[in-house]
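Asks: how does the following fold in three dimensions:
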Amino acid sequence: MQRAASTGQDILRHSGSALDAVEACVVTMEDDPVFNAGYGSYLNLIGRVEMDASIMDGRTLQAGAVALLTRVKNPIRLARLVMEKTDHIVVAGQGAERLAGLFRLEKRNPMTLTAKKSWRSLREQLGRKELSHLTKTSQLIHDYPDAFSGGTVGAVARDSDGNVAAATSTGGPALRLPGRIGDTPLIGSGTYADEVGGCSVTGIGEAAMRLVLAKTTCDLMGRGLTAQKAAEQAVRLLQERLGMMIGIITLDARGRIGSAHSTPDLCWSYVKSGMRNPCAAMG
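Replies: Coordinates of the predicted model:
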């Protein structure tokens, strides 16, 4: 986490944009197999990887997203190309893979031995009907936290011009149905940025979609809440309405940061102007 934050910090120190910073942060995490994004993504019900990602520029409200990628090394890079080089916001599946080839994006098999081992174990339990509550995703994560410990990755940044950008990338939950698309590539659900701030969401995507959680969180900042208060209220709202687990990172236009979660843990890192090195926390 500190390495990812340092990557973004270096870009901003050299007058880079918030958009460049969040993309670079997410690329760093996509390349690290400890995270459930890019290399190291979880496997779906039939043992395949399907990755999603999105990115948004708060100044222009431009956004790009991709879904159901199987071999693109860095989904977040393709999401930005969708934003900047096409007339669309979301491109999925084979069409997205062809677009990646058109722009000569690097390919990589995202499947790791750890992900394969975890998938086999969960499939065996499913076969023995030990996961009969599979549709109750929140209970599944509660009962089998080790199988879902990697987590979606995200980043939010503010540059020297005051612009805010946000980005999110994920391999999705283990044992999901093939073709399932969660909140990450849906602008407003898993990722959002505007003139008041930015937000990236992790956790149960279906819950985030029902409350358009990233946009809801930014709206709370727009009503005067600090980034921290907005994150806390959004998590509380989701708990009260749906009782599901979620994690949120936020940043407002004044550079104030926020983090809140109802998941067992949320690993995150931040760095502000004047700080020599990023701080990282698990909690």
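Asks: buried residues of stretch 183-200, list them for me.
Replies: Across stretch 183-200, burial judged by 16 or more other CB atoms under 10 Å covers 183-194, 196-200. In short, each C-beta sits where N, CA and C put it, glycine included.
Asks: pLDDT weak spots in the stretch 51-200 of the chain?
Replies: Low-confidence segments of the stretch 51-200 of the chain (pLDDT under 70): 126-150.
Asks: one more pass at 50, please.
Replies: Applying pLDDT under 50 to the stretch 51-200 of the chain flags the ranges 133-134, 138, 147-149.
Asks: quick one, helices of it?
Replies: Ranges of helices within the stretch 51-200 of the chain are 75-85, 93-102, 113-127, 137-143, based on DSSP state H, counting those that start in this stretch.
Asks: nearest to residue 249, of those?
Replies: Closest of these to residue 249 is helix 75-85, at 15.5 Å (criterion: CB to CB).
Asks: then that closest one to PDB, C-alphas only?
Replies: Only the C-alpha atoms of helix 75-85 are listed here, as PDB (Å, rounded to 0.1, in the frame of the first residue of the first chain):
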ATOM      1  CA  PRO A  75      -7.200  -3.300 -16.700                       C
ATOM      2  CA  ILE A  76      -7.000   0.200 -15.300                       C
ATOM      3  CA  ARG A  77      -5.000   1.300 -18.300                       C
ATOM      4  CA  LEU A  78      -7.600   0.000 -20.700                       C
ATOM      5  CA  ALA A  79     -10.300   1.800 -18.700                       C
ATOM      6  CA  ARG A  80      -8.500   5.100 -19.200                       C
ATOM      7  CA  LEU A  81      -8.200   4.400 -23.000                       C
ATOM      8  CA  VAL A  82     -12.000   3.700 -23.100                       C
ATOM      9  CA  MET A  83     -12.400   7.100 -21.500                       C
ATOM     10  CA  GLU A  84     -10.000   9.000 -23.700                       C
ATOM     11  CA  LYS A  85     -10.200   7.200 -27.100                       C
END
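Asks: so it versus helix 93-102, what angle?
Replies: For helix 75-85 against helix 93-102, the angle between stretch directions is 80 degrees (axes from the mean of the first three to the mean of the last three CA atoms, to 10 degrees).
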